[in-house]
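Participant: Give me the fold of what follows.
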Amino acid sequence: DYLLLKRSQENSSSGEWTFPGGKIEHESRKSAALRELKEETDLEGEIIDSGEPYIGKGELGYWKIYPFHVRVESKSVELDHEHSEFKWLSLANLASHETMGRLKSLEKLDII
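Facilitator: Just a heads-up that it's a prediction; the model follows:
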């Protein structure tokens with residue numbers, strides 16, 4: 001299953017569903033991905049694959065997105081203040097769910 005997070009009302013792109021992620025802060029891309037996963041969900045994971053970066057557009061402009069496929073041991077999510085809901089979706093259900101255009105991440109990882 002794949003984890004989607006709903007942006008809270010106090011953040012940009014409020015109400016939108018997206019994958020865990022965020023900015024790189026003086027660290028490697030992989031470290032940033034795992035840190036953001038932990039900060040946003042309290043989950044720890046292992047990166048099992050990475051995809052080609054691409055440019056995504058958000059409410060605040062354009063972003064370079066580095067997609068990672070991460071395996072987690074637990075599905076016990078503890079949301080941070082940036083998110084109000086979460087969903088675990090199968091690949092079939094995920095492909096039909098609106099995710100701020102982030103399905104491109106799955107394409108770059110050769111998942112869809």
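
Participant: buried ones in stretch 46-65?
Facilitator: Judged by neighbour count (16 or more other Cβ atoms under 10 Å), stretch 46-65 contains these buried residues: 50-51, 56, 65. Every C-beta, even on glycine, is put in place using the N, C-alpha and C of the backbone.

Participant: Can you show me the helices along this protein?
Facilitator: Listed in chain order, the helices of the chain (DSSP state H) span 29-41, 91-95, 103-108.

Participant: right, and these - which one's nearest Phe19?
Facilitator: Closest to Phe19 of the helices of the chain, according to Cβ to Cβ: helix 103-108, at 6.4 Å.

Participant: Output the contacting helices and strands for the closest one.
Facilitator: Packing contacts for helix 103-108, counted by 3 or more Cβ pairs under 8 Å, 6 or more residues apart in numbering; DSSP states H and E, involve strand 54-58, helix 91-95.

Participant: Please identify which of the ones you listed is closest to Glu44.
Facilitator: helix 91-95 (21.8 Å).

Participant: How about the closest one, which residues are buried there?
Facilitator: Buried residues in helix 91-95 (16+ other Cβ under 10 Å): Leu94.

Participant: residues in contact with that helix?
Facilitator: The contact list for helix 91-95, computed with Cβ atoms under 8 Å, 6 or more residues apart in numbering, reads 2, 4, 103, 106, 111-112.

Participant: The residue of the chain most remote from its centre: what's it in contact with?
Facilitator: Distance from the C-alpha centroid of the chain peaks at His26, with 19.4 Å (Cα atoms, centre = their mean). If a contact means Cβ under 8 Å, 6+ apart, then His26 has no contacts.

Participant: Please tell me how far it sits from Leu91.
Facilitator: To Leu91, His26 is 34 Å away according to Cβ to Cβ, to the nearest Å.

Participant: out of the contacts of helix 91-95, who has the most neighbours?
Facilitator: Taking other Cβ atoms under 10 Å as the neighbour criterion, Leu4 ranks highest of those with 23 neighbours.
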